[in-house]
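Asker: Kindly generate the corresponding structure for this input.
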Amino acid sequence: MSCEQPSATSVLIDGDCDDTDASVYPEAMEICDGLDNDCDTRIDEGDAAPSTWYVDADRDGYGLDGSELEACAAPTAYYASVAGDCDDTADAVHPGATEVCDTIDNDCDTRIDEGDAAPSTWYVDADRDGYGLDGSELEACAAPTAYYASVAGDCNDESEGINPGAEERCSTIDRNCDGDIGAGLATWIGDDESVVDMTEDMRGTDARVELTRSGTLRICEGEWPTRIVVTANDVTIKGIGDAESVILDGGSIGSTIFAQDRNDYLTVESLVVTGGDAEFGGGIRATSSLVFIEDAIIMGNDAEEAGGGIYVESGSLKLTRVEVSGNSLYGTTDSTFGAGIRMVYGDIEVTDSDIFANAGEGEVYGGGISIFEGDLELTGTSVDENEATMSGGGIALGGGWVYMTDSRIRDNVAGEYGGGVKVSGGLEMTNSVVRDNEARINGGGAYVAIGDEGDATLDCRADASISSGFRGNFTTEGLGGAVYSASRYFEIESDTCDWGAGESQNHPYDLRMRDWIGGASSDATFECNNFAGCDSDDDMWTRAH
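Answerer: Purely as a prediction, here's the structure:
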């Protein structure tokens with residue numbers, strides 16, 4: 001002990017635990033440095049304790065759980081003070097990161113692509129129209145290829161023009177995939193591939209549309225108060241859907257369809273033509289066209305002079321699976337022709353069709369069908385319940401032939417001649433029947449007059465197993481219950497045809513020629529002409545007086 005400081009390195013207070021380090025002494029601030037800075041025998045205690053560091057290989061500020069060590073400072077730049085990284089090879093993956101759809105747990109919450117980052121649903125879109133097929137879905141963060149879409153509902157993945165976003169038109173195709181093929185729509189498709197929506201044009205009061213270019217007018221189901229004028233060369237008017245539900249109504253102010261001079265080909269398919277009222281051709285009128293009508297109904301039309309249902313001035317008319325019914329003629333000052341159908345110059349072919357319940361007022365010739373000059377061919381067709389106040393209750397043909405195959409003329413009425421048919425030329429029947437027709441004067445079933453070529457011929461041929469021929473026809477005041485001909489050149493041939501018996505007997509008699517009168521039986525075979533009578537062995541023929 002000394003009263004004075006022995007040297008400059010001596011102090012009055014003891015307790016230093018490291019007299020070689022001036023920063024180490026009692027009451028010094030403990031810092032984290034691996035030393036007992038305050039000489040309390042404890043190293044780096046309290047606030048000076050070492051931190052926990054975690055390996056942070058991707059240097060994203062988050063280290064790996066389980067890689068910790070205690071140190072006063074990060075051992076290197078590849079350590080972080082926060083753990084929880086779930087992928088220390090990707091600096092975008094760590095707690096707090098934004099979750100994105102990439103099949104990785106970006107925010108290390110053990111969930112992958114959750115919330116707003118959830119995968120989208122994709123649908124196969126083979127036609128790449130932006131709409132995929134229902135039932136083809138898969139989950140993915142992005143479209144697997146360009147042939148996937150995020151919206152479903154496509155009903156035809158082979159056509160890019162068919163999808164829920166397409167504009168609907170009248171066709172046989174559901175273009176916008178709503179389960180409807182366009183009811184209430186009308187669409188013009190030109191031969192030049194132009195497409196025009198005709199719906200509004202055909203919906204107005206007393207609407208009238210003119211078709212000036214070749215192409216097809218498609219009319220979907222609905223009632224259409226429209227008249228159509230055709231001036232183009234080749235036009236098809238086609239109903240889409242149930243034919244009985246596509247109704248074209250002329251509104252009683254002209255022909256419902258009128259094909260004028262410049263039209264060469266007119267086709268009408270799968271619809272109802274009604275409500276026409278014109279001088280000629282209430283339902284359909286064609287000036288000089290080849291007219292084709294299929295799967296259609298021509299009904300409830302009127303004409304003043306000719307063709308209540310259909311009128312063709314010259315050309316040809318072919319009907320397939322067509323109903324012509326309830327049409328009428330109303331002219332009373334002159335003769336009228338063809339309450340159902342009138343052809344002036346040309347041939348008519350009718351297949352698998354029904355011509356019935358057509359009639360008229362005044363002097364009507366041809367209740368069902370009337371031709372001035374031309375041939376009529378019936379195949380699988382019925383001409384029933386028509387009425388003419390003059391001649392040809394069912395059919396009146398001025399010059400030509402009527403050919404019948406597997407067809408029927410029945411229950412027609414004529415005020416004068418030819419209850420079933422009145423023809424100037426010839427009638428050829430194959431497995432066909434003319435029955436239960438009525439004429440007031442002559443020819444209950446048929447009246448055959450001389451044609452332009454000097455012929456007046458009836459040829460009836462039948463299979464023995466088929467009831468064909470003339471049955472149950474009659475005249476109320478005249479002659480020839482089945483057939484009448486006043487031509488001296490009349491010839492008739494029957495091969496296994498029926499001529500009625502008992503309740504189906506024709507009255508009076510079966511046949512009346514200019515100079516002969518007679519009757520035949522069922523399945524009769526014979527040949528006759530007005531000069532020589534018949535080659536039959538029985539006494540079926542007698543001289544007329």
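Asker: When you work out contacts or count neighbours from here on, use the C-alpha atoms and nothing else.
Answerer: Fine.
Asker: Now residue 36. Nearest residue, chain neighbours left out?
Answerer: Excluding its sequence neighbours, the residue lying closest to residue 36 (Cα to Cα, 6 or more residues apart in numbering) is residue 43, at 4.4 Å.
Asker: in terms of contact, does that neighbour touch residue 37 like I think?
Answerer: Yes. Between residue 43 and residue 37 there is a contact under Cα atoms under 8 Å: 7.3 Å.
Asker: So for these two, which sits in the more crowded spot?
Answerer: Comparing residue 43 with residue 37 by other Cα atoms under 10 Å, the one with more neighbours is residue 37, at 27 against 19.
Asker: Just give the number of residues close to the spatially closest residue to that one that is not a sequence neighbour.
Answerer: Nearest non-adjacent residue to residue 37, counting by Cα to Cα, 6+ apart: residue 24, 4.4 Å away. Residues lying near residue 24 (other Cα under 10 Å) number 19.
Asker: what does the one 3 residues further on give?
Answerer: Here the count is done by other Cα under 10 Å, and residue 27 has 11 residues near it.
Asker: ok so residue 239 is a helix residue?
Answerer: No. Residue 239: not assigned to a helix; according to DSSP: H, G, I helix; E, B strand; the rest coil it is strand.
Asker: what about it, distance to residue 270?
Answerer: 5 Å (Cα to Cα, to the nearest Å).
Asker: Dig out what residue 423 forms beta bridges with.
Answerer: Beta-bridge partners recorded for residue 423 (DSSP bridges): residue 397, residue 448.
Asker: can you check the one 10 residues further on too?
Answerer: Here residue 433 sits in beta bridges with residue 408, residue 469, going by DSSP bridges.
Asker: all strands of the stretch 151-300 of the chain, in order?
Answerer: 186-190, 195-197, 207-211, 215-220, 222-224, 226-230, 234-240, 246-249, 257-259, 265-269, 272-274, 277-280, 284-294, 297-299 (DSSP state E, counting those that start in this stretch).
Asker: among the ones you listed, which is nearest residue 30?
Answerer: With Cα to Cα as the measure, strand 195-197 is the member of the strands of the stretch 151-300 of the chain nearest residue 30 (91.6 Å).
Asker: show me what contacts the residue nearest the centre of the chain?
Answerer: Compute the mean C-alpha point of the chain, and by Cα atoms, centre = their mean the closest residue is residue 172, 2.7 Å away. Contact analysis of residue 172 by Cα atoms under 8 Å, 6 or more residues apart in numbering lists 181, 240, 241.
Asker: how near is the spatially closest residue to residue 155 that is not a sequence neighbour to residue 241?
Answerer: Once flanking residues are discounted, residue 155 sits nearest to residue 177: 5.5 Å by Cα to Cα, 6+ apart. Using Cα to Cα, we find residue 177 at a distance of 16 Å from residue 241.
Asker: Any regions of the chain where pLDDT drops low?
Answerer: Within the chain, the stretches with pLDDT under 70 are 1-16, 19, 44, 182, 535-545.
Asker: Domain boundaries for it, per the record?
Answerer: 220-379, 391-545 (automatic domain parsing).
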